[in-house]
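Novice: coordinates for the following, if possible.
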Amino acid sequence: MQEPGESPVTSVDRALRILTVIGGASRGLSLDDLSGALDIPKSSLHRLLAALKYRKFVSQPESGGSYFLGTELLALQTRMQASMQTTSMLFQTSLVNYLK
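Specialist: Next comes the predicted model:
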């Protein structure tokens, strides 16, 4: 049984926490930095980071170096903004047609 306040999918929750911590940092973070901040064992963290790197949500310019947010997050933001603009334009058009 799931405890109240506990994520239903631990690995997804951990991946999102990784992105949140990296995104809040003023510099790249090492595996040690992330492990300490997230209280995730390094072996588990390394596997999660490998999956996030594969999907370009996280980047690591130098092997063994610091982790940064990846380009896929920027691509998602761009798609989200375009979707919001389209929704806004549709709403405005509907409102103008309704007021006629």
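
Novice: how deep is Ser11 tucked in, by neighbour count?
Specialist: Using other C-beta atoms under 10 Å, the number of residues around Ser11 comes to 12. Just so you know, the C-beta spots here come from the backbone N, C-alpha and C atoms, and that holds for glycine as well.

Novice: am I right that it is in a strand?
Specialist: No - applying DSSP: H, G, I helix; E, B strand; the rest coil, one finds Ser11 to be helix, outside a strand.

Novice: excluding covalently adjacent residues, which one is nearest to it?
Specialist: Spatial nearest neighbour of Ser11, excluding adjacent residues (C-beta to C-beta, 6 or more residues apart in numbering): Leu48 at 6.9 Å.

Novice: give me the number of residues near the one you found?
Specialist: 19.

Novice: look up how far Ser63 lies from the most centrally placed residue in the chain.
Specialist: Centroid-nearest residue in the chain: Leu19, 4.4 Å away (criterion: C-alpha atoms, centre = their mean). Per C-beta to C-beta, to the nearest Å, Leu19 is found 21 Å from Ser63.

Novice: before we move on, back to that, avg pLDDT for whichever strand or helix holds the residue nearest to the centre of the chain?
Specialist: Applying DSSP states H and E as the criterion places Leu19 in helix 10-24. Computed over helix 10-24, the mean pLDDT rounds to 95.
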